[in-house]
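Asks: from the sequence below, what's the structure:
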Amino acid sequence: MTEDDSAPPSIDFTTFVLSLSTSALMHLGKLPGSEDQTVNLAHAKQSIDCIALLEEKTKGNLTGEEERLLGEVLYDLRLRFIAATKDADEKT
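Replies: Numbering: from 1, shown residues only. A predicted model of the protein is given here:
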């Protein structure tokens, strides 16, 4: 392994939001390519709430592209969360 391979990738706003989104997808059991499809709605909600908090606290300080990213990610995750909640309710 070279030094370049072990260096963490640079982080920017988009990478940070997508990282939180990936965490939510993992907890919803919707992470593509993952063998573990365990659903944990409480942790998924927490990740979604973190993104919503980020949206609220950065309002007026984002580029148009960053605002769109947050809006689209939250919309998608909230729909997936609702669907996962309905699936869980049907199983009980």
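
Asks: for the residue nearest to the spatial centre of the chain, list the residues it contacts.
Replies: The residue lying closest to the centre of the chain (C-alpha atoms, centre = their mean) is S21, at 1.3 Å. Neighbouring residues of S21 by C-beta atoms under 8 Å, 6 or more residues apart in numbering: 47, 51, 73, 77. Glycine gets a C-beta too; all of them are placed from N, C-alpha and C.

Asks: which pair of those spans the longest distance?
Replies: Pairwise distances across the contacts of S21 (C-beta to C-beta) peak at 10.5 Å, for the pair S47 and V73.

Asks: now the helices for the chain?
Replies: Ranges of helices within the chain are 3-6, 13-27, 41-57, 64-91, based on DSSP state H.

Asks: weakest of those by average pLDDT?
Replies: Across the helices of the chain, helix 3-6 has the smallest mean pLDDT, namely a mean of 68.

Asks: the nearest residue to H27 once chain neighbours are set aside: how many residues sit nearby?
Replies: In this structure, H27 finds its nearest non-sequential neighbour in A44, 3.7 Å apart by C-beta to C-beta, 6 or more residues apart in numbering. The number of residues packed near A44 is 23, by other C-beta atoms under 10 Å.

Asks: residue contacts, A44?
Replies: A44 neighbours (C-beta under 8 Å, 6+ apart): 24, 27-28, 77, 81, 84.

Asks: let's go with 6 Å and repeat that
Replies: 24, 27-28, 81 (C-beta atoms under 6 Å, 6 or more residues apart in numbering).

Asks: distance to S6 and neighbour count added to these, as TSV?
Replies: Conversion of these to TSV gives the following (distance: C-beta to C-beta, whole Å; neighbours: other C-beta atoms under 10 Å):
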residue	distance to S6	neighbour count
A24	28	26
H27	28	22
L28	31	25
F81	35	18
